[in-house]
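Novice: sequence-free structure coming up:
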């Protein structure tokens, strides 16, 4: 719809509007369905036309904000895959007695999963 004119004063404004059909044919102008008088401000909602709001201005602030992948838990990421989905087999269940060796195995396993 279009607001054609305003009536009344500052205290109690009213509007005259024209309502058009929703989807006009491409080869002609939209057909007027109804003309309304004395429409209160609460009966009108102003909306930007598509791609005409301030965010679409050529000088609007846009800046890429990089977020490092390592701040998100691995299972939140779309590229996360488990050993079962990669068919790497099950984790080795025999635990070595040396904690350093255990850490080494765990790191090697996680590297394989992340690399896939």
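Specialist: Great, that's in hand. Fair warning: this is a prediction, and the values are worked out from it, not measured in the lab.

Novice: for the longest helix along the chain, packing partners?
Specialist: Using DSSP state H to define each element, the chain has its longest helix at helix 99-115. Using 3 or more Cβ pairs under 8 Å, 6 or more residues apart in numbering; DSSP states H and E, the elements in contact with helix 99-115 are helix 83-86. No exception for glycine: its C-beta is placed from N, CA and C like everyone else's.

Novice: quick one: mean pLDDT over the helix it packs on.
Specialist: Across helix 83-86, the average pLDDT comes to 65.

Novice: so the residue nearest the centre of the chain: helix, strand or coil?
Specialist: The centroid of the chain falls nearest to residue 55 when counting by Cα atoms, centre = their mean (13.9 Å). At residue 55, secondary structure determined by DSSP: H, G, I helix; E, B strand; the rest coil is helix.

Novice: residue 14 touches residue 7, doesn't it?
Specialist: Yes - when contacts are counted by Cβ atoms under 8 Å, residue 14 is listed as touching residue 7 (4.7 Å).

Novice: identify the contacts common to the two.
Specialist: The contact sets of residue 14 and residue 7 overlap at 37-38 (Cβ atoms under 8 Å, 6 or more residues apart in numbering).

Novice: looking at those two, which is more packed in?
Specialist: residue 14 (17 against 12; other Cβ atoms under 10 Å).

Novice: tally of neighbours for residue 72?
Specialist: 11.

Novice: got it, and residue 15?
Specialist: By the criterion of other Cβ under 10 Å, residue 15 has 19 neighbours.

Novice: name whatever forms a beta bridge with it.
Specialist: Using DSSP bridges, the bridge partners assigned to residue 15 are residue 6, residue 39.

Novice: any idea how far it is from residue 69?
Specialist: 53 Å (Cβ to Cβ, to the nearest Å).

Novice: mind showing which ranges of this structure have poor pLDDT?
Specialist: Across the chain, the ranges flagged by pLDDT under 70 are 24, 80-97.

Novice: relative to residue 15, how far out is residue 5?
Specialist: Using Cβ to Cβ, residue 5 is found at 7 Å from residue 15.
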